[in-house]
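here are the coordinates; sequence isn't available:
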């Protein structure tokens, strides 16, 4: 038998790039054991791809049950950010993120998550084109010191007090 079907065991105990583990997984049909890795690093897409190939037998990558992640993304959509938050069992450090785009509801979910750290100074672009609750925009605006752009929003909904607070 040639190369490509062997099992691989990673002995790193610190940080490993998710892209490296994805490459190893694509180069062998054997199990890649990475249970000693404490932190995955890289883009949210690379981490989400890796987690999608997680398993404990066959052509999979076996990860620890409580690893954390450190993102390298500077611009990210709220749906991808929320997906990596849901996929990683530990905290996701998103301190490199400078811009978040997406629907107000998705962005509000990201800011409400206890699984994401390092947020609070990024610019936000709301992509909704219909109605958005003024209170949701106020919540988002309070969560970041960056500029919140909501020029695509057609209608603000909510109480007069909520709209006045936002304005």
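Received, thanks. It should be emphasised that the depicted structure is a prediction, and the values quoted were computed from it without experimental measurement. Numbers count the residues shown, from 1 in each chain.

how about the helices of the protein, start to end?
Listed in chain order, the helices of the chain (DSSP state H) span 18-27, 44-52, 78-87, 104-112, 134-143, 160-166.

quick one: buried residues of the third one?
What it means is helix 78-87. 78, 80-85, 87 (16 or more other C-beta atoms under 10 Å). In short, each C-beta sits where N, CA and C put it, glycine included.

mean confidence for it?
For helix 78-87, the mean pLDDT works out to 98.

looking just at contacts, which helices and strands does that helix meet?
Here helix 78-87 touches helix 44-52, strand 99-102, helix 104-112, going by 3 or more C-beta pairs under 8 Å, 6 or more residues apart in numbering; DSSP states H and E.

got the contact list for that helix?
44-45, 47-48, 51, 69, 71, 92, 94, 97, 100-103, 106-107, 109-110, 113, 115-116 (C-beta atoms under 8 Å, 6 or more residues apart in numbering).

could you rerun that using 6 Å?
With C-beta atoms under 6 Å, 6 or more residues apart in numbering as the test, helix 78-87 has contacts from 44, 47-48, 51, 92, 100, 102, 106-107, 109-110, 113, 115-116.

now swap in the second one and tell me
By C-beta under 6 Å, 6+ apart, the surrounding residues in contact with helix 44-52 are 18-19, 21-22, 40, 69, 71, 73, 76, 80, 83-84, 87.

try the shortest one
With contact meaning C-beta under 6 Å, 6+ apart, helix 160-166 is reached by 134-135, 137-138, 156.

tell me, what residue is most central in the protein?
Centroid check for the chain by C-alpha atoms, centre = their mean gives residue 81 as the closest residue, at 2.8 Å.

any idea how far that one is from residue 90?
Remark: distance between residue 81 and residue 90 (C-beta to C-beta, to the nearest Å) = 15 Å.

closest to residue 149 out of the helices and strands packed on helix 78-87?
When the helices and strands packed on helix 78-87 are compared by C-beta to C-beta, strand 99-102 sits nearest residue 149, at 9.1 Å.

which strands or helices does the closest one pack on?
Strand 99-102 sits against strand 75-77, helix 78-87, strand 123-126, with contacts defined as 3 or more C-beta pairs under 6 Å, 6 or more residues apart in numbering; DSSP states H and E.

which one of the contacts of helix 160-166 has the most neighbours?
The most crowded member of the contacts of helix 160-166, judged by other C-beta atoms under 10 Å, is residue 137 (25 neighbours).
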